[in-house]
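**Q** What would the 3D arrangement of this be:
(4 chains)
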2 protein chains.
Amino acid sequence: MARKTGSHSKITGPLVRQAAIRLFARHGYAAVSMRQIAAEVGVQAGALYLYTPDKQTLLYDLMRVHLEDLLETWEARPKPDDPMAQLQNFCRFHIAYHLERPEQVFIAYMELRNLDEENFREIERLRRRYESELETILARGQDAGVFHVPDNRLATMAIIAMLTGVNTWYQEGGRLTREDVAQIYWDMVRRSVSAGQ
Amino acid sequence: MARKTGSHSKITGPLVRQAAIRLFARHGYAAVSMRQIAAEVGVQAGALYLYTPDKQTLLYDLMRVHLEDLLETWEARPKPDDPMAQLQNFCRFHIAYHLERPEQVFIAYMELRNLDEENFREIERLRRRYESELETILARGQDAGVFHVPDNRLATMAIIAMLTGVNTWYQEGGRLTREDVAQIYWDMVRRSVSAGQ
DNA sequence: GTCTATATGCTGATAGAC
DNA sequence: GTCTATCAGCATATAGAC
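**A** Presented below is the predicted three-dimensional model:
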C-alpha cells in the first residue's frame, strides 16, 4: 500500500473519496478512522487533511455529491408526456441508478445521524427535492384520472421505500438481472396506484 | 443523574438496556461509549459489566430480543382463513408493531454491520423467519388464485420495505393517525398483489 | 505533497476498596 | 452492587521537516 513521496494531488483527492465511500459503507462513519482511510489510499493520515478540512466534511461532501448527481441525472433525462409513462420512467430510473452505486446509497441513508445539524438540513433539502419529483408525477396522474392514490405524500414515500429496498437484497449475478427486477417492481408499483379490482 | 450506592440489580439491568436502545438509535452503536450509557443510567462505567459481558453482546441482545418478540407476538396472533384477510392482518400488524418501537426497529436495521459474524448470522436467521411468514401468505394466495404476483420473493421484499418505510417519516400527532396510515398502506399493498386493470 | 512526530483526549475493559 | 482508579490503545487533528 505504501506510496513514494511525489506530486499526486490530481489523483489522490478522488482516491480519498473512493476509499471513504468503501470504508464508510462497509463499517460505518463512526467506526472508520482517518488512519484506515489513509492506509487504503496509501498515504499517511496527515496527508488527508490536504483534501478535506475534517472527517465530518468528508462525509457531508460524499452525501451531497451523491444527491446532487442523482438530481442532475434525473433532470437531464427526457420526460414522457403521459403520467403512466412518467411513473414507469421514474421507477426504472430509480432502480437502475441506485443499483449502480450501492455504497453511496447506503451511506446516504445510514449516516444521516452522523451529520452536523447544518449539513443534515442541506442533505434533507436535497432528498426532499428528489421525492417531490415523484410526488408531482403522482399528483398529475391523479388529476388526469389515471392514478387512484388515497394520499399523494404517502404513496410517494411508500413507492420510494419499496424501490430503494432493492438495494438491501439484490445480488449481482443472481437469479434475476437488474432489468428483470425493474420490470417486476414497476408492475407492482403500477398496480398499487391503479384503480383496484 | 448520580445514584446512591445500593442494591438495584432488578431495575438497573432493564435501565441499561433502555439507555442503550435510546443512545444506539440516536447516535449509532460505534459512536456511543459505555461511559455515555452508564451516565444515562446513573452509574459508573464499570458497573455496566455486571449486566453485559461486553458492548458487542449488549447490541446483539437488543436486536435478538427485538426480533424474538416480533416473531412471538406475530405467532400468538389469531390467523384468518382466507389469503386476502391474512395479508391485511400482516400489514396492519407490521405497521402497528413497528411504529410502537421505532428505536428497536431502527437499531435492528442500521447496526447489522456492527455485529460479529456469528451474531450477524443468528439475527439474519430470525429476520428470514419473519419474512417467510409473509412469503407463505403470498404463496398460498397465489395458489388460490386470489393474488397475482410476478415473483413471490420479490413481492415479499417489496412489501416489507414499503411497510417498514413508514418508520422513517411517521410523526406522532401529525396529519394522520397510525390507523389512517395502516389503512392507506394496506390499500396500496392490496392493489399491488391483485390482478391489474 | 507527503512524511514523521506529537498534543490532547477518549475508548473498552479490569482490579480492588467498600 | 457500585465505586474509584487505572491500563493500554486508538482517536482526530496539527506542526514542522523535507
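**Q** The most centrally placed residue in chain A: what's it in contact with?
**A** Centrality entry for chain A: nearest residue to the mean C-alpha point is residue A:105, 3.6 Å, by C-alpha atoms, centre = their mean. Neighbour list for residue A:105: A:66, A:98, A:164, A:167 [criterion: C-beta atoms under 8 Å, 6 or more residues apart in numbering or on different chains]. (Glycine included, C-beta is placed from N, CA and C.)
**Q** 10 Å instead?
**A** A:25, A:66, A:70, A:97-99, A:164, A:166-168 (C-beta atoms under 10 Å, 6 or more residues apart in numbering or on different chains).
**Q** ok, of those, which one's closest to DNA strand D?
**A** Nearest to DNA strand D out of those is residue A:25 (C-beta to the nearest atom of the strand; 15.7 Å).
**Q** and the closest one, how many neighbours?
**A** By the measure other C-beta atoms under 10 Å in any protein chain shown, the count of residues near residue A:25 is 21.
**Q** Pull the contacting residues for it.
**A** Neighbours of residue A:25 in contact, by C-beta under 10 Å, 6+ apart: A:32, A:62, A:101-107, A:110-111, B:113.
**Q** since we're on residue A:174, how many residues are nearby?
**A** By other C-beta under 10 Å, 10 other residues sit near residue A:174.
**Q** helix, strand or coil for it?
**A** coil (DSSP: H, G, I helix; E, B strand; the rest coil).
**Q** can you tell me which residues contact it?
**A** Contact analysis of residue A:174 by C-beta under 10 Å, 6+ apart lists A:180-181.
**Q** buried set for the helix or strand of chain A with the lowest mean pLDDT?
**A** Every helix and strand of chain A was ranked by mean pLDDT, DSSP states H and E. The lowest is helix A:9-27, at a mean of 91. For helix A:9-27, a neighbour-count test (16 or more other C-beta atoms under 10 Å in any protein chain shown) marks A:12, A:15-17, A:19-21, A:23-25 as buried.
**Q** before we move on, the earlier item: which SS class is the residue nearest to the centre of chain A?
**A** Residue A:105 ends up helix, using three-state DSSP.
**Q** where's it relative to residue B:121, distance?
**A** As judged by C-beta to C-beta, to the nearest Å, residue A:105 and residue B:121 stand 24 Å apart.
**Q** Tell me how many other residues surround residue A:145.
**A** 9.
**Q** ok so, going back, in CSV: the buried residues of helix A:9-27, plus distance to residue A:179.
**A** Conversion of these to CSV gives the following (distance: C-beta to C-beta, whole Å):
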residue, distance to residue A:179
A:12, 37
A:15, 32
A:16, 34
A:17, 29
A:19, 31
A:20, 31
A:21, 26
A:23, 31
A:24, 29
A:25, 24
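**Q** From those residues, pick the one nearest chain B.
**A** Comparing those against chain B with C-beta to the nearest C-beta places residue A:25 closest, at 8.8 Å.
**Q** quick one: terminal-to-terminal distance for stretch A:144-151?
**A** 15 Å (C-alpha to C-alpha, to the nearest Å).
**Q** List the buried residues in the longest helix along chain A.
**A** If you go by DSSP state H, chain A has its longest helix at helix A:117-143. For helix A:117-143, a neighbour-count test (16+ other C-beta under 10 Å) marks A:119, A:123, A:126-127, A:131, A:133-135, A:137-139, A:141-142 as buried.
**Q** What is the nearest of these to chain B?
**A** residue A:131 (9.7 Å).
**Q** Before I go, just wanted to say thanks for your time.
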